[in-house]
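*Asks:* need a structure here:
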Amino acid sequence: MAYILIVDEDYLSAEIASDALVQAGHTSGTVHDAQSARSLLAHKRPDLLLISASLPGRSSAGLMRELRLSDEYHQLPIILLGLQSAMLPSAQEVLPKPTMPAVLVGRVNAILHAAGRPVHHWQATRSSARRA
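*Replies:* Take a look at the predicted model:
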């Protein structure tokens, strides 16, 4: 089980992602802006970060740049939600927004597996498929 931090200004998208990750056996935390993410990262280290490319201003790019330059988080796996190719070098993957929950969980598990973290196998349920 991994701890995934979701940084998304869209409350519904964050809730859908969190629900899918919890169903897949992970734990998640959700914040809705870069400043809240910075505060949480000071106290709890996630195994992976999901960050929306559409945070207000240049918050997404700034947060990702800070993480890549930090000693503690420079290797933190990051999935960027949204099509912002300019930020791709800082992210392991870019997924379109919205993303089907099963696709999101599959990519999260693949990245965690590549990073040597244990993952659970998950099958989409009818309820999770309907929510997408």
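
*Asks:* drop to CA atoms for contacts and neighbour counts, all remaining ones
*Replies:* OK.

*Asks:* and the residue nearest in space to the middle of the chain, what helix or strand is that in?
*Replies:* In the chain, the C-alpha nearest the mean C-alpha coordinate belongs to residue 50, at 1.4 Å (CA atoms, centre = their mean). Element membership for residue 50, per DSSP states H and E: strand 48-52.

*Asks:* list the neighbouring strands of that strand plus their orientation.
*Replies:* strand 3-7 (parallel), strand 78-81 (parallel) (DSSP bridges).

*Asks:* follow-up on the earlier one: show me the contacts for the residue nearest to the centre of the chain.
*Replies:* 4-8, 78-81 (CA atoms under 8 Å, 6 or more residues apart in numbering).

*Asks:* mean pLDDT, distance to residue 102 and mean neighbour count added to the strands paired with strand 48-52, as JSON lines?
*Replies:* Converted to JSON lines, these look like this (pLDDT from 0 to 100; distance: least, CA to CA, whole Å; neighbours: other CA atoms under 10 Å):
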{"stretch": "strand 3-7", "mean pLDDT": "97", "distance to residue 102": "16", "mean neighbour count": "24"}
{"stretch": "strand 78-81", "mean pLDDT": "92", "distance to residue 102": "15", "mean neighbour count": "24"}
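
*Asks:* looking at the ones you listed, which is nearest to residue 16?
*Replies:* Shortest distance between residue 16 and those, using CA to CA, is found for strand 3-7: 10.7 Å.

*Asks:* ok, and what's touching that closest one?
*Replies:* 14, 17-18, 21, 26-34, 37, 46-52.

*Asks:* repeat that for stretch 74-83.
*Replies:* 47-54, 67-68, 88, 90-98, 108, 111-112.

*Asks:* now a ChimeraX select for only the buried ones of those.
*Replies:* Here is the ChimeraX command that selects only those of those that count as buried (16 or more other CA atoms under 10 Å):
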select :47,48,49,50,51,52,53,54,67,68,90,91,93,94,95,108,111,112
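
*Asks:* circling back: just checking, next helix/strand downstream of the strand holding residue 50?
*Replies:* helix 59-69.

*Asks:* mind listing which of the contacts of strand 3-7 are in helices?
*Replies:* Among the contacts of strand 3-7, the members found in helices (DSSP state H) are 14, 17-18, 21, 34, 37.
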